[in-house]
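Asker: dropping the sequence and predicted coords here.
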Amino acid sequence: MLKMNHLSKVYRTHLIETHALRDFSIHVREGEFVAVTGPSGSGKTTFLNIAGLLEEFSGGEFWVDGVDVRGMNDDQRSRLRNEKIGFIFQGFNLIPDLNLFDNVDVPLRYRGFSAADRKRRIEETLSRVGLASRMKHYPAELSGGQQQRVAIARALAGSPRLLLADEPTGNLDSLMARGVMELLEEINRQGTTIIMVTHDPELAARAQRNVHVIDGQVTDFDAEPQLRVPAGNDAAVALA
Amino acid sequence: MEIRPILSALMRSKVALVLIGLQIALTLAIVCNALFIVSQRLQLMSRDSGMNEADTFTIGSLGFGAGFNIKTSIEEDMAMLRSLPGVAAAAPTNTVPLSNGGWSTGVSLKPEQKTSTASSAMYFVDEQGLDTFGAKLAEGRFFTADEITFREPGDNSWPPVTVITRALANKLFPGESAVGKQLYFDNEGAPQTVVGVVERMQVPWIGFASDEGPDAEFYSSFVPQRVAFGNFGRYLVRAEPGRRDEVMKAAEAKMTQTNQSRIVREPRTLERIRAEGYQEHRAMTIILIGVIVALLAVTALGIVGMASFWVTQRTKQIGTRRALGATRSSILRYFMTENFLITSLGLALGIVLTYGLNYWLMANYEAQRLPLIYLGGGMIALLLLGQAAVFGPATRASRVPPAVATRSV
C-alpha cells in the first residue's frame, strides 16, 4: 500500500540544512494498522506529510498503492491524494462555516462524484460514525469527539485505500479518545489501511505494528506484526 | 461548481457580506449615474455650434473722448479689417455662440400675442454675417447690403427682414418652409419677413430656454443691423484657413494704430470662447470622472482587502482543502466564485439603488432617465473589477501548501 525506500527530506535555508528524514524506509501492506511514534521533532509529521503527498521529498523512492509518486506535479499529487488517501487531523480541521453534510462533501466535490452519489456517500459515512441525525449542524455545535467523528466520516467518504491519522485523539479526553480509537479499529477491520502518528503509547499499543522514529530515521519496529491478510501473501513487515 | 456551499458559508459572515455588497451597490449606483451625466456633458460640449470656430476670432473696440463716433468707427474698422491680408470675411456682431452674453427676445406668429411661440437669440450682423460666421444657408437668401441699417440707441423697432435657424423655423412653422413667412420679434410692432433659413447657429447661452426643449439652444435669428453698446463695438473676423493667429495679431495692431481714441479689447478666438463657455461643464466632468475613478479604486481596494483578510484567516482551511484533494486551480476558482457571488449580490441591490438615484436626480435636477446600457455596462465593469481585484489574493490562496493542514499553529 505504501512503500518508501531510502527516502530523505532536507529543509534548506541559505544558512542551514535540516535533515528531517534520512534513509527512511518503510513498507506498509494493505490492511495494516501502523502506529508511528517518536519524540517531538523526530520527523513523524514530516513522514506523515510525505506519505500523504502533502510535501515533496528530497531523495529516495516512494510508492502509494503501486503508483510511483516521483516526478508527479502538484495537480497529479492532489488527484492521487483525493482518490486514495483520507486524512484525520489532530485539530479535526473541519470548516466552521459549513454544516456536517457540506464538510463531508468537500473531498467528494473535488473527486467529481455526481450529486446523488455524493449524497449517498455522505449519508452512509455520517451514519457509520453515528452522526446521521446531525447533518445540518455546524462543527461548533458538536463536542470534540463528535467533530473528530465527522472528520473521520469526511476521510472515509471517498473510500480511500489509505487513512493517515495525525494524533487523532490528541485533542480529546480519554473517553472520547477511546471512542475514536474504536472507530478507527473498526474501519481497519473492514479493510482500510491506517497509519497513525501518536505520542500516546497506549494507543500505539492497540495498533498491529509500531514504528518508532528518532532523528528522521526508523529506530525500532515490531518484528512480528499481526496481519489480517490471506496466508501465502508476503505479509511480513518489510523495513529495510 | 461550489456555489451552494460558498453561498451557505457566506451567509455565516453576514456583516462582511453586507458591507462589501453595500459598497458595490453604492458604487454601481453612483458610477452609472455619474457616467451618464459625464456622457451627457461630453455630448453637450461636442455639439457643433454651426459656425466656423477654427478660423474665427472676435475683437472689440471701446471708444472714449468727445470726438469718438461709434458708427463711423465701425464703418472704418470694417473697411480696414476686410482689407487685411489673410482675412476671409469680417462683420460687426453683438455676440457669438457660447459667449454667455447677448440679446434674446420672444418670437410670435401673431401681433400682440400674449405668450411667445419661441425664444430666440438675436445676432446683429451686416451682409457679410453669413460668410463671416461660416454658417450654411439652407433656404432662401442672406441679407443684401442695402438692407443693413445702424441700430440707433433707443430704437426699439426691428428691420422688416430676418434670417432664422432651421431649428427655430421648425418650431415656428413645422412641416413647411419658413421662407416668406412673417413673425414678430418682441410680440409687437411691424412683422418681420423670413428671407432665409440657416442650417444651424447655437445661441450664446448654454441651457438657453431649456423649458422649450433641447433644440432651443439653436433658436437663433439674424438681424440686418450694425449695433453698438454705447461706444463699444464688437467684430467677428474669419481668417483664411491656418492664418487665424497671425491675422488676429495684425488686426489688434492695426486697430490700435488707426484710432487712438479707443481701447482695443483683447481679441479672443472662438476656440477660447468655447473653452470658457463650457468651463463649468468641463470642471464638473473632471470632478465626476475623479469620483468614478476614486469609487472604483476604493471598491477594488475593499475587495482586495476583504479577500486578503479572508485568505489569511482561512489559511488552515485552504491547506485542509488542498490536503483533501483540491488542486491549486480549485482554490483559485473557489475565491473567484466567492467574489463573483458577493459582487452579484451587491449588484442586485445596486440595480435598485441606481434607479432610485436616477429617479431622485430626475425629480430634482432635470436629469434624464438612465439608459439600460449604462446599468449593464456598469454591472459588467464591476464584475470584471471584482474578479481582477480578487485575482491577487486568490492566487496567493492557491499557493498555500497542503502541508499547512498538519501544522498545529
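Answerer: Yep, it's here. For clarity, every value in this text was computed on a predicted model and none was experimentally measured. Numbering: from 1, shown residues only, chains lettered A, B, ... in the order given.

Asker: need the residues that contact the helix or strand of chain B with the lowest mean pLDDT.
Answerer: The helix or strand of chain B with the poorest confidence is helix B:3-10; it has a mean of 86 (mean pLDDT, DSSP states H and E). Helix B:3-10 is touched from outside by A:95, A:97-99, A:102, A:105, A:109, B:17, B:334, B:337-338, B:341-342, with contacts defined as Cβ atoms under 8 Å, 6 or more residues apart in numbering or on different chains. Every residue, glycine included, has its C-beta placed from N, CA and C.

Asker: min pLDDT across those residues, which one?
Answerer: Of all those, B:L17 carries the smallest pLDDT score, 86.

Asker: before we move on, what SS does it have?
Answerer: Here B:L17 is recorded as helix under DSSP: H, G, I helix; E, B strand; the rest coil.

Asker: ok so A:H27 is a helix residue?
Answerer: No. Counting by three-state DSSP, A:H27 is not part of a helix but strand.

Asker: which residues in chain A form strands?
Answerer: Here chain A has its strands, by DSSP state E, at A:2-12, A:17-28, A:33-37, A:59-64, A:67-68, A:85-88, A:162-166, A:193-197, A:209-214, A:217-221.

Asker: not counting its neighbours along the chain, what's nearest B:G67?
Answerer: B:S261 (6.4 Å; Cβ to Cβ, 6 or more residues apart in numbering or on different chains).

Asker: and for B:G325?
Answerer: With Cβ to Cβ, 6+ apart, the residue lying closest to B:G325 is A:N82, at 2.4 Å.

Asker: distance check, the one you found against A:E167.
Answerer: Here A:N82 is placed at a distance of 22 Å from A:E167 (Cβ to Cβ, to the nearest Å).

Asker: just the buried positions in stretch B:148-160, please.
Answerer: B:I148, B:F150, B:R151, B:W158, B:P159 (16 or more other Cβ atoms under 10 Å in any protein chain shown).

Asker: what does it rub up against?
Answerer: B:71, B:74, B:124, B:126-127, B:147, B:185-186, B:189-193, B:223-228, B:230.

Asker: check stretch B:251-265 too.
Answerer: B:57, B:59-65, B:67-68, B:73, B:76-77, B:80-81, B:84, B:87, B:231-232, B:234, B:237, B:266-267.

Asker: contact residues of chain A facing chain B?
Answerer: Proximity of chain A to chain B, by Cβ under 8 Å from any Cβ of the partner chain, involves residues A:45, A:48-49, A:52-55, A:74-75, A:78-79, A:81-83, A:87, A:89-91, A:93, A:95-99, A:102, A:105-107, A:109-111, A:138, A:154, A:158, A:166.

Asker: which ones among these lie within helices?
Answerer: Residues of those located in helices (DSSP state H): A:45, A:48-49, A:74-75, A:78-79, A:81-83, A:102, A:105-107, A:109-111, A:154.

Asker: OK, contacts around the residue in chain A positioned nearest to chain B?
Answerer: Using Cβ to the nearest Cβ, the closest approach of chain A to chain B is made by A:N82 at 2.4 Å. A:N82 makes contact with A:P107, A:Y110, A:R111, A:G158, B:L324, B:G325, B:A326 under the criterion Cβ under 8 Å, 6+ apart.

Asker: lowest average confidence across the strands of chain A, which one?
Answerer: strand A:217-221 (a mean of 77).

Asker: which of the contacts of stretch B:148-160 are buried, as a ChimeraX select command?
Answerer: Filtering the contacts of stretch B:148-160 down to the buried ones (16+ other Cβ under 10 Å) takes a single ChimeraX command:
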select /B:74,124,126,127,185,191,192,223,224,225,226,227,228
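
Asker: quick check: residues of chain B near chain A?
Answerer: Going by Cβ under 8 Å from any Cβ, the residues of chain B near chain A are B:2, B:5, B:8-9, B:12-13, B:316-317, B:320-330, B:401-403, B:405-406, B:408.

Asker: any stretches of chain B with poor pLDDT?
Answerer: Low-confidence segments of chain B (pLDDT under 70): B:1, B:408-409.

Asker: now do the helices in the stretch 301-409 of chain B.
Answerer: Using DSSP state H, counting those that start in this stretch, the helices of the stretch 301-409 of chain B run over B:315-323, B:328-365, B:372-398.

Asker: just those: most buried one?
Answerer: helix B:315-323 (a mean of 24; mean count of other Cβ atoms under 10 Å in any protein chain shown).

Asker: which strands and helices sit next to that one?
Answerer: Where contact means 3 or more Cβ pairs under 8 Å, 6 or more residues apart in numbering or on different chains; DSSP states H and E, helix B:315-323 is packed against helix B:328-365.
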